[in-house]
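Asks: Give me the fold of what follows.
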Amino acid sequence: EVQLVESGGGLVQAGGSLRLSCAASGFTWNDYVIGWLRQAPGKEREGVSCIHSSGDSTFYIDSVKGRFTISRDSAKNTVYLQMDSLKPEDTAVYYCAAVGGPTDWKTGPYDYWGQGTQVSVSS
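Replies: Okay, the predicted model is just below:
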């Protein structure tokens, strides 16, 4: 059974940092794209960042460039999203998702999804 489990969310003040983790089990990372997406109340879900399984290619939406960093630890089958200089507009439920093939990383489709972790940034 494939599972993606996110952790690391929480409440932080503006300007603070959080590191989200996405631990995968039940499949290997080869030839997968791992994405972080978020959904704020009343808004559509949006892709935030993604990383290819090789770890060589990473992508970010403009609003998080320079503040967020995606990385992976192959030995731990875990992908991280380091979020610095957080802003209130980053408040959302963050999901990691995986797909084994080409996709629009910002929207999907994705094959597997985690349960989500809440990130709240106070002003």
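
Asks: quick one: which helix or strand includes the residue nearest the centre of the chain?
Replies: Centroid-nearest residue in the chain, with CA atoms, centre = their mean: W36, separated by 2.3 Å. Following DSSP states H and E, one finds W36 within strand 33-39.

Asks: what's that strand packed up against?
Replies: strand 18-25, strand 46-52, strand 78-83, strand 92-99 (3 or more CB pairs under 8 Å, 6 or more residues apart in numbering; DSSP states H and E). From N, CA and C alone the C-beta is placed, and that goes for glycine too.

Asks: doesn't W36 make contact with A98?
Replies: No. A98 is beyond contact range of W36, at 10.9 Å (criterion: CB atoms under 8 Å).

Asks: Can you pull the phi/psi pair for S63?
Replies: Main-chain torsions, S63, degrees, to the nearest 10: phi -70, psi -10.

Asks: show me the residues around it that make contact.
Replies: E89 (CB atoms under 8 Å, 6 or more residues apart in numbering).

Asks: Could you check how far it is from Y80?
Replies: Using CB to CB, to the nearest Å, one obtains 19 Å as the distance from S63 to Y80.

Asks: K65 too?
Replies: Separation of K65 from Y80 (CB to CB): 17 Å.
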